[in-house]
Every structure is written in structure tokens, then in C-alpha cells.
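Enquirer: Dropping the sequence and predicted coords here.
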Amino acid sequence: NRSSVPFSSQLNAVAICRTPYKQKFGIPRQPGLVNAIGYIEFEPDFNHLDAVRGIEQYSHLWLLFCFHENLAQGWKTTVRPPRLGGNEKLGVFATRSTFRPNGIGQSVVKLHSVVQRKGKVCLMISGMDLLDGTPIIDIKPYVPFSDAITDAKGGIAQDAPVLIPVTYTPVAATQISQYTIQQQYQGLAELINGVLSQDPRPAYKKAKDDPKLYQVALYDLDIFWHVTKQGIEVLELKPTK
Ligand code: SAM
């Protein structure tokens, strides 16, 4: 008549994910939506090429990770998914909410290569929806014959989000092209466009006129933008203080 099975586990990070996303606001809500490059840096106990031997045979990986920034806030039985405009409640297990028991997330990402960076074995990946510094608790190959279910029902998230147009002031356009020629900002233009075309604002803001000045942090840059009748306009870029 036991109500729960005794279970205890201390999970340690096997790796840390390095991404351009320096704050939660603006991170795509699922993987594969924005072509951002990231790196999985193995922790000292797992920093062995042998531990990833054979991984390059796969084009995609499952990452299991911890929503470490939200752990302190715990979880609730029901949540209000942004997809439903924040008005309707669904059970936590019927959503991909970040506020969940055990705080575990999972994402499929594209694997580019195994590389060495600063003496660490790393996996170069893209398409992740993870905050910079996210602890990775496991990594597994994505196997299409079993993982890809082409006739699956997608519930409230059947289709990818609708994209909105992104335009640039002349100042922002010049800044972006100047940054993009530097190696560390490769792909910056595509990244900004990808992140903002998802319209990161909370649902209630999208419903009416919105004069607010917004900012997202990508790499070590703050990107300032606002909403116009046509979509999103990028105003300027500033180095993060
Ligand atoms: N694909 C994963 C899943 O389904 O478990 C994550 C989906 S979750 C809705 C994606 C959001 O998690 C991102 O938009 C970002 O705001 C948030 N996020 C990403 N990394 C996080 C972290 N380390 N701690 C807390 N929140 C995080």
C-alpha cells in the first residue's frame, strides 16, 4: 500500500552547455527553432575522448539537463503555457514547463563535431534552447527509427510558432555587420533575426499596443528593440555592462 517507491539519487552534471543565451528572456521555447551555435564542455570526471567515441556517427543528440535557474522556485500542479496566451491552465506533466519536479529538461540538438577547447573535450552543437551555463546531466544519440514519430499528435504545440518580421535601424545594421566580421560573433546577424522573429514577449504584451523598449542579451551584447506596426525593429547593440 505504499504511495511512492523509495528512490534517491544525487545527479551530477557531466558537462556544462555554453550558449550565446545569457538570460532566459529571448531563448527559443524549444530546440531547432534558431540556428545558434553552442558547446557542451565536459566536466573533469568526464573529460575523456573515449566517453564520446562513436558519437560523430549521429547527426543529432538528446540532451538531458537541469533548469538550474528555476530550481529554487519549485513547481506547481498546473501551469499556464505561453502558447495559450497565459490564460489557461494545464497539468505540469502535460506541458514542457521549466518549473517541474526534479527540474529536468530535454532537447534534441544538432551535433557538428567533437572539438578540444581550452584543454576540454567539447561537442559543437546548434539549435539548443538552453541558457549559457546549463548543467547537462546526460547525453544520448537521437535515433530516428524510434524517436521520430511522424504522425504524432502535438497537442497545443502542433505547429512551429508563427514568425514576425524583423527590421533594423541603419545604426543597428552597421553595428551588426561590424561585429559579424569578428570570429567570436560569427552568425550574429542570423542569431538576432532568429531570436527576435520568434517574438519573445509574453503573450499578454502581444495583445495590445506595446511602447516598451526591450533588450535581449546574446554573447556579451545587449540588443535593444521595440515593436512597430510592421513587426520588431532592432534599434542598437551595446556591450553588456
Ligand atoms: N526543450 C526543453 C524541454 O522541453 O524540456 C526546454 C523547453 S523550455 C520551455 C525552454 C525554455 O527554458 C527557454 O526558452 C528558456 O527560457 C528556459 N531555460 C533554458 N535553460 C534554462 C535553465 N538552465 N534554467 C532555467 N530555464 C531555462
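Expert: Good, I have the coordinates. Numbering: from 1, shown residues only.
Enquirer: residues near the closest residue to E88 other than its chain neighbours, how many?
Expert: Once flanking residues are discounted, E88 sits nearest to R80: 6.7 Å by C-beta to C-beta, 6 or more residues apart in numbering. From N, CA and C alone the C-beta is placed, and that goes for glycine too. By the measure other C-beta atoms under 10 Å, the count of residues near R80 is 16.
Enquirer: go on, Q175?
Expert: 19.
Enquirer: Name the nearest residue to it, sequence neighbours excluded.
Expert: L237 (4.6 Å).
Enquirer: thinking again about what came up before, got a pLDDT number for the residue nearest to E88?
Expert: With respect to pLDDT, R80 scores 93.
Enquirer: Contacts only, for the closest residue in space to Q230 that isn't next to it in sequence.
Expert: Take Q230 and drop its neighbours on the chain: the residue closest to it by C-beta to C-beta, 6+ apart is P165, 5.9 Å away. Residues near P165 by C-beta atoms under 8 Å, 6 or more residues apart in numbering: S197, Q230, G231, I232.
Enquirer: Pull up the residues of this protein that are close to the ligand.
Expert: 24, 27-31, 67-70, 96, 98, 105-107, 129-131, 134 (C-beta under 6 Å from any ligand atom).
Enquirer: hmm, back to that, same for the helix or strand containing the residue nearest to Q175, what does it pack against?
Expert: Assessed by DSSP states H and E, L237 sits inside strand 232-239. Where contact means 3 or more C-beta pairs under 8 Å, 6 or more residues apart in numbering; DSSP states H and E, strand 232-239 is packed against strand 166-168, helix 170-180, helix 188-197, strand 221-227.
Enquirer: helices or strands up against the longest one?
Expert: Right, the one you point to is helix 170-180. Counting by 3+ C-beta pairs under 8 Å, 6+ apart, helix 170-180 packs on helix 188-197, strand 232-239.
Enquirer: still on that earlier bit, where's the residue nearest to Q230 relative to I27, distance?
Expert: Between P165 and I27 the distance is 21 Å, computed by C-beta to C-beta, to the nearest Å.
Enquirer: before we move on, back to that, centre of the chain versus the strand holding L237, how much separation?
Expert: Remark: strand 232-239 is offset 21 Å from the chain centroid, using C-alpha atoms, centre = their mean, to the nearest Å.
Enquirer: Quick check: neighbours of it in the sheet, parallel or antiparallel?
Expert: When pairs are called by DSSP bridges, strand 232-239 turns out to pair with strand 166-168 (parallel), strand 221-227 (antiparallel).
Enquirer: gap between the last one and the chain center?
Expert: Offset of strand 221-227 from its chain centre (C-alpha atoms, centre = their mean): 18 Å.
Enquirer: buried set for that strand?
Expert: L221, D222, I223, F224, W225, V227 (16 or more other C-beta atoms under 10 Å).
Enquirer: what about the helices in the chain?
Expert: For the chain, helices defined by DSSP state H occupy the ranges 144-147, 170-180, 188-197, 203-206.
Enquirer: gap between the spatially most central residue of the chain and V34?
Expert: Nearest residue to the geometric centre of the chain (C-alpha atoms, centre = their mean): D129, 1.3 Å. Applying C-beta to C-beta, the value for D129 to V34 is 8 Å.
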